[in-house]
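Enquirer: Next one to model:
(3 chains)
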Amino acid sequence: MRKNDYRARTHPAWWAFLVHRLSGLALALFLPVHFWALGHAISGEASLDGFLRLTDQPLFRFGEWGLVVLLSLHMMGGIRLLLIEFLPWTGLRKNWLAFGLGASTCTGLALLLALVH
Amino acid sequence: MWKPVQSYCVSSYSRGIVDTEKLRVRVWRSATGGLATYDVPRYESQTVLDVVTFIQRQLQPDLAYRFACRVGMCGSCAMNVNGKARWTCRTHVSKVAANNELEIAPLSNLPVIKDLVTDMSLFFDKWSQAKGKFSGNRTRHEDFARVSPESAQRKAVDAGIECIGCGVCYSSCDVVTWRPDYLGPAALNRAWTLVNDERDTQTLERLRAVAGDAGCHSCHTQGTCAERCPKHLSPTAGIAGLKRMTMKAAREGDL
Amino acid sequence: MQAMSLRTQARLWYWQRMSATVLALCVFVHLGVIIYAVHSGLSASAILGRTRGNLLFGAFYSVFVIACAIHVPVGLLRIAEEWLHWRGKSAHAVCLAFSAALALMGLRAVYGVVS
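Expert: I've put the predicted structure just below:
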């Protein structure tokens, strides 16, 4: 039995699937870390502060920025899927792909501005 | 100065050879488990099926492949051309042969019997598992059922009814590759056309057959089926509809 | 999937989509909160100054955490089944455990920053 390779996958709806799945995976792995980090607040402000100081580095900031962009992409892709699955069929909603990409770019830029400011 | 014109060739294939271009065609062969290379003369209006036929008749007599109508009606000639599932009789070489190169392989996701021929049994078994057979309760002694072609339900059926079971969508679907028990786009599309058929009496059985991880709930809307379907159907649409219908059935305790 | 009834499979799909709808709203708000927070400062005192005693914040983020605990494990189960070929009871058990972990750790974090 032969399987498909990348050549069968070079179309927008497939890329949307891949972005959605990979961003979801990254966020799923990030969440426990995020909760653990914020949970330091239970031990007091100093404990949380100590942890936050560790993350006050360019590499971390870039990672956080990246995760926010992934979150935005995952959400926009997810909304597209909800529209496809629950509203009457109007095609693969490629306009939503464009819109989602645009919105995520805006989010990324807005956050970049906030970080750099 | 007189220059011999290339296109008048003394062979039985003397109809419009395009320059001296030869196609470099790589074809999947079971014997080696790999691709064998053949040089095929290039013609105007040549289809990929023409190429395969040339190879079998002139170069490799034991090449196995399927075709029947050769005019885009039966779906028998479906194969992977340059990695994408297509009807070879309806694929012009000029459209797919970049740099005079072609790669021809059997459909994916199906056992290969030999060379370009796949075993379609599982494809049709899944059609059957999805209850893809109409089931009515009228007899010849009763009047015709009156179904308005304008009703939303009938429009949904009509959008998917032209499927001829060629297997291109099944071959193209990654979920079929990842989940061996996944019914696949064609079977689910057929179930969709039947649950929307107001004459059909097996709606609940059908919904039970297509629900779950082996059915509609595993579709990730990759949409390759809709991209590749030679009849421009969208199994993705029907599957989304089945998700809504099975949700309703589950809510009403019918699943 | 033999390990799970048809009804449960359909329900998992349904609850993943319902929690997705809730999360869409939550994430919109959260993105706004993130950008605001980055602007206003990310030291512990700055963060806690905004969240301590903020019951609305606490309620909102508790809902957010629960929605995540429902939404995330279903997606992970799909990835496990399709890309890791990990099926059956062990895969379900791990995803259920992950769900519980997210809920517990998340609610603990909300409690930590609000109280």
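
Enquirer: Which neighbouring elements make contact with the host helix or strand of B:Ile104?
Expert: Taking DSSP states H and E as the definition, B:Ile104 sits inside strand B:101-105. Using 3 or more C-beta pairs under 8 Å, 6 or more residues apart in numbering or on different chains; DSSP states H and E, the elements in contact with strand B:101-105 are strand B:17-29, helix B:48-54, strand B:78-81. No exception for glycine: its C-beta is placed from N, CA and C like everyone else's.

Enquirer: Buried residues, it. List them.
Expert: Neighbour-count burial for strand B:101-105 flags B:Leu102, B:Glu103, B:Ile104, B:Ala105 (criterion: 16 or more other C-beta atoms under 10 Å in any protein chain shown).

Enquirer: same deal with stretch B:242-255?
Expert: Those would be B:Leu242, B:Lys243, B:Met245, B:Thr246, B:Met247, B:Ala249, B:Ala250, B:Leu255, for stretch B:242-255 by 16+ other C-beta under 10 Å.

Enquirer: Please identify which of the residues you listed is nearest to B:Val93.
Expert: When the buried residues of stretch B:242-255 are ranked by distance to B:Val93 (C-beta to C-beta), B:Leu242 comes first, at 38.1 Å.

Enquirer: where does the stretch 51-200 of chain B come near chain A, residue by residue?
Expert: B:80, B:82-85, B:105-112, B:171-172, B:174, B:177 (C-beta under 8 Å from any C-beta of the partner chain).

Enquirer: Setting aside sequence neighbours, what's the nearest residue to A:Asn4?
Expert: Residue nearest to A:Asn4 in three dimensions, not counting chain neighbours: B:Ser108, with 4.9 Å by C-beta to C-beta, 6 or more residues apart in numbering or on different chains.

Enquirer: need the contact list for that neighbour.
Expert: Each residue near B:Ser108 by C-beta atoms under 8 Å, 6 or more residues apart in numbering or on different chains is listed here: A:Met1, A:Arg2, A:Lys3, A:Asn4, A:Ala8, B:Asn80, B:Ala85, B:Ser171, B:Ser172, B:Thr177.

Enquirer: CSV please, covering the helices and strands packed on strand B:101-105 and showing distance to C:Ala100 and mean neighbour count.
Expert: As requested, the helices and strands packed on strand B:101-105 are exported to CSV (distance: least, C-beta to C-beta, whole Å; neighbours: other C-beta atoms under 10 Å in any protein chain shown):
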stretch, distance to C:Ala100, mean neighbour count
strand B:17-29, 49, 17
helix B:48-54, 54, 22
strand B:78-81, 45, 26
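
Enquirer: of all those, which lies closest to B:Trp127?
Expert: Across the helices and strands packed on strand B:101-105, B:Trp127 has its closest neighbour in strand B:78-81 (15.5 Å, C-beta to C-beta).

Enquirer: which residues are contacting the closest one?
Expert: Contacts of strand B:78-81 (C-beta under 8 Å, 6+ apart): A:2, A:4, B:48, B:52, B:65, B:85-88, B:91, B:96, B:102-108, B:116, B:166-168, B:171.

Enquirer: Could you do stretch A:92-100 as well?
Expert: By C-beta under 8 Å, 6+ apart, the residues outside stretch A:92-100 that reach it are A:12-13, A:16, A:73, A:76-77, A:79-80, A:83-84, B:221, B:223, B:226, B:234, B:236.

Enquirer: Now, the residues of the stretch 51-200 of chain B next to chain A that are in strands?
Expert: Among those, the residues falling in strands (DSSP state E) are B:Asn80, B:Lys84, B:Ala85, B:Ala105, B:Val112.

Enquirer: what's the farthest-apart pair in those?
Expert: Top of the distance list for those (C-beta to C-beta): B:Lys84 and B:Val112, 17.5 Å.

Enquirer: In three-state terms, label C:Leu25 for me.
Expert: Applying DSSP: H, G, I helix; E, B strand; the rest coil to C:Leu25 yields a three-state assignment of helix.

Enquirer: Pull the number of nearby residues for it.
Expert: C:Leu25 has 14 neighbours, counted by other C-beta atoms under 10 Å in any protein chain shown.

Enquirer: sorry, back to before: apply the buried test to the residues of the stretch 51-200 of chain B next to chain A and list what passes.
Expert: Taking 16+ other C-beta under 10 Å as the criterion, what is buried in these is B:80, B:82, B:84-85, B:105-110, B:112, B:171-172, B:174, B:177.

Enquirer: which one among those gets closest to C:Gly32?
Expert: B:Asp174 (35.7 Å).

Enquirer: how about that closest one, what does it touch?
Expert: With C-beta under 8 Å, 6+ apart, B:Asp174 has these contacts: A:Asn4, A:Arg9, B:Gln222, B:Thr224.

Enquirer: how about a cut-off of 10 Å?
Expert: B:Asp174 makes contact with A:3-4, A:8-9, A:14, A:17, B:108-109, B:182, B:220, B:222, B:224, C:82 under the criterion C-beta atoms under 10 Å, 6 or more residues apart in numbering or on different chains.
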